[in-house]
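K.L.:
the sequence and its predicted three-dimensional model are supplied below.
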Amino acid sequence: MPGEDRQIVAAVVEQAEKLLEEGRAAEAVEILIVGTTAFPESARLWNRLGSVFAGQGDRVAALGYYIRAFEIDPGHRETVVDCFRMFRRAGDDEDALDLAAAYVDLRPEDHRFAADLADARREIARKKTRPAGERQSS
């Protein structure tokens, strides 16, 4: 994407973020949809749209937008992280780990993400071995 287009995309995302901070999610979605219409190959816009819906608890819509971002850029780190978090919050640990492992296979140079994946695997393994009813420490 040319530099000028990246600046416009960044401005659209920034405006959507401001609207979200003000509690105006519907308007943020409208702006992001206009952005995806103008820049349909921007994984960043599709990802952000997915994140808005994930934040509202609409996992089906969020996943559709995340998938579109992945179609554009299978290695879009921000989408992987956001989708991973959505799966984890929903208790879909195996899907989260599968997604993260696929990203690490695609981008082995991302050592930080690989380390985060290893941490998540350990945390999930501990959770599986924790006796029922035992609370997780914060």
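P.N.:
It's in. Numbers count the residues shown, from 1 in each chain.

K.L.:
what sits against the most centrally placed residue in the chain?
P.N.:
The centroid of the chain falls nearest to residue 82 when counting by C-alpha atoms, centre = their mean (1.9 Å). Going by C-beta atoms under 8 Å, 6 or more residues apart in numbering, residue 82 touches 47, 50, 51, 54, 66. Using the backbone N, CA and C atoms, a C-beta is placed for each residue, glycine as well.

K.L.:
mind pulling up the pLDDT for it?
P.N.:
Per-residue confidence at residue 82 stands at 94 (pLDDT).

K.L.:
and residue 138, by the same measure?
P.N.:
47.

K.L.:
ok, now residue 74?
P.N.:
Looking at residue 74, the pLDDT reads 89.

K.L.:
quickly note the distance from it to residue 68.
P.N.:
12 Å (C-beta to C-beta, to the nearest Å).

K.L.:
higher neighbour count, the two?
P.N.:
Between residue 74 and residue 68, residue 68 has the larger neighbour count (other C-beta atoms under 10 Å), namely 18 against 14.

K.L.:
following the strand or helix carrying residue 60, which helix or strand shows up next?
P.N.:
Under the criterion of DSSP states H and E, residue 60 resides in helix 59-72. Going down the chain from helix 59-72, the next helix or strand is helix 77-89, by DSSP H and E.
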